[in-house]
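Enquirer: Generate a structure from the sequence data that follows.
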Amino acid sequence: MTQLVLPNDTNQLGNLLGGQLMHWIDLVAAIASARHSRRVCVTASVDELNFLHPIKTGEVVSLLASINRVFRTSMEVGVKVISENLLSGKVQHANTAYLTFVALDENGNPTTVPQIDAETEEERRRFDDALTRREQRLVRRKKLTH
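Expert: Numbering: from 1, shown residues only. Model (predicted):
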């Protein structure tokens, strides 16, 4: 997904609002999860959201989503955010986020998701890292529910 950062998207410093970027991240991750599962998918969690540098008014933001790993009814979606200054040509990795989505059936209940094959070295790394993040997320969730 590609977006142009307009003045309405920014704060007083001319930087993209974090909430606006989070909205775009959630949208692109929802699209990726629905494309993979062919189901309506809902956000279950956001594990990490790392702001690496500000994105300025007038820059173009590219959001690249990938299904890192499928569990049973859920999947981890990684989103890499790239900013580009069209005038200077400078391109920067601006943000990384990891979200978990759950696929729903026609009755709104969680339903199984087709597995993915990690073929490349990069895909295998993302696949393995997703399991580590899931285990950490489940430990945090357990602490919250007690």
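Enquirer: show me what contacts Thr111?
Expert: The contact partners of Thr111, by CB atoms under 8 Å, 6 or more residues apart in numbering, come to Arg39, Thr73, Ala103, Leu104, Asp105. All C-beta atoms are positioned from the backbone trio N, CA, C, and that covers glycine.
Enquirer: Relative to Ile25, which of these is nearest.
Expert: For those, the residue nearest Ile25 by CB to CB is Ala103; the value is 18.8 Å.
Enquirer: Other residues contacting the one helix or strand Asp47 maps to?
Expert: Assessed by DSSP states H and E, Asp47 sits inside strand 40-51. Defining contact as CB under 8 Å, 6+ apart, one finds that strand 40-51 is touched by 18, 21-22, 25-26, 29-30, 33-34, 74-76, 94-104, 133, 136-137, 141.
Enquirer: How about the backbone phi and psi for the residue lying closest to Leu17 once chain neighbours are set aside?
Expert: Distances taken as CB to CB, 6 or more residues apart in numbering place Asn11 nearest to Leu17, at 5.6 Å, with adjacent residues excluded. For Asn11, the backbone dihedrals (degrees, to the nearest 10) come out as phi -90, psi -170.
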